[in-house]
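Enquirer: Generate coordinates for the sequence data below:
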Amino acid sequence: MGLVSRTIEEKLKRAFAPESLEVVDDSDRHKGHVGAREGGETHFTVTLVSQSFRGLSRIERQRRINAALAEELAGPVHALSIRALTPEEA
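Expert: Model prediction:
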């Protein structure tokens, strides 16, 4: 796990106290695409299960995750795929 992956994981844990969290670096699948850099850590898939998503729409969940990762999305992260669930949906 690289520095960007660890930073994403730490920020999401602090912001959402997840019951489960998976951060996957998908950068290898995007070599040669816009935003891809040598060394990866540009494209990620996040699956996060948290009580804090109760009563929120899918869009609001994604907005909150994007806000928590604003610095990374403005810098090293080119693409972020999000799956945000409540424990009942997992």
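
Enquirer: Val23 against Ile8, yeah?
Expert: Yes: counting by Cβ atoms under 8 Å, Val23 sits close enough to Ile8 to count as a contact (5.2 Å). (C-beta placed from N, C-alpha, C; glycine too.)

Enquirer: Between the two, which has more neighbouring residues?
Expert: Set Val23 next to Ile8 and count neighbours by other Cβ atoms under 10 Å: Ile8 wins out with 26 against 19.

Enquirer: what do Val23 and Ile8 both touch?
Expert: Common contacts of Val23 and Ile8 (Cβ atoms under 8 Å, 6 or more residues apart in numbering): Phe44, Val46.

Enquirer: where in the protein is pLDDT low?
Expert: The model of the chain has pLDDT under 70 over residues 30-39.

Enquirer: Strands of that one, residue ranges please.
Expert: Counting by DSSP state E, the chain has strands at residues 20-25, 43-49, 79-85.

Enquirer: Name the stretch among these that sits most buried.
Expert: strand 43-49 (a mean of 20; mean count of other Cβ atoms under 10 Å).

Enquirer: Can you check which of the strands of the chain gets nearest to Ala68?
Expert: Evaluated over the strands of the chain, closeness to Ala68 peaks at strand 43-49, with 10.0 Å, by Cβ to Cβ.

Enquirer: Which neighbouring elements make contact with that closest one?
Expert: Contacts defined by 3 or more Cβ pairs under 8 Å, 6 or more residues apart in numbering; DSSP states H and E place strand 43-49 against helix 3-16, strand 20-25, strand 79-85.

Enquirer: Mind listing residues that contact the first one?
Expert: So that's helix 3-16. Contacts to helix 3-16, defined as Cβ under 8 Å, 6+ apart, come from residues 1, 18, 21, 23, 25, 41, 44, 46, 48, 50, 52-53, 64-65, 68-69, 72, 76-77.
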